[in-house]
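J.: using only what follows, build the 3D model:
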Amino acid sequence: MSASLLRRGLELLEAPGRGKAPPGLHRGQDGPRAAGAARRRKGVPEPGKNKATVKGRVVKSAIEEYHKKKAINHLRANLKYMLKGGFVANKAITEQVLAQNRGRKSKDQPPKKAAKKKPEGTVFTEEDFRKFEREYFGRP
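T.: Okay, here's the model as predicted:
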């Protein structure tokens with residue numbers, strides 16, 4: 001129960017003829033000396049006792065904490081894991097994933113592959129050339 005509820009309950013139970021207590025008799029801070037008295041009642045903390053710590057807590061070494069939180073290089077273990085796998089993804093699927101992860105800027109786009117040019121061949125056959133030769137030069 002809080003102190004204010006208790007005070008109200010006592011006021012209700014007071015005899016009707018009695019009024020409030022005289023102002024000098026109530027408890028509380030009477031001046032600057034009251035705070036000093038409260039401090040003296042509290043007592044001086046013992047030098048070996050730290051109230052800020054949890055009971056039974058062990059002080060940890062800063063060096064141990066540093067080594068615990070120090071970054072670990074996982075490269076060797078990761079390479080071993082990646083190289084042991086025999087599963088190779090489908091080429092079409094890998095291209096699709098790469099296309100999704102690529103940005104939309106032109107600098108993020110891969111260079112476009114030029115279409116392979118077929119070697120240019122002639123439309124005319126050897127027989128057509130001979131026929132042209134006969135007609136133009138008049139040779140048999």
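J.: quick one: pLDDT of Arg8?
T.: As predicted, Arg8 sits at a pLDDT of 82.
J.: that one: neighbour count?
T.: Neighbourhood size, Arg8 [other C-beta atoms under 10 Å]: 11. Backbone N, C-alpha and C define where each C-beta goes, glycine included.
J.: now swap in Val97 and tell me
T.: For Val97, the tally of surrounding residues (other C-beta under 10 Å) stands at 11.
J.: again, but for Ala114
T.: Ala114: 6 surrounding residues under other C-beta under 10 Å.
J.: so it: helix, strand or coil?
T.: When classified by DSSP: H, G, I helix; E, B strand; the rest coil, Ala114 comes out as coil.
J.: any idea which helix or strand comes after the lowest-mean-pLDDT helix or strand in the chain?
T.: The helix or strand of the chain with the lowest confidence, counting by mean pLDDT, DSSP states H and E, is helix 32-42 at a mean of 71. Counting by DSSP states H and E, the next helix or strand C-terminal to helix 32-42 is helix 62-69.
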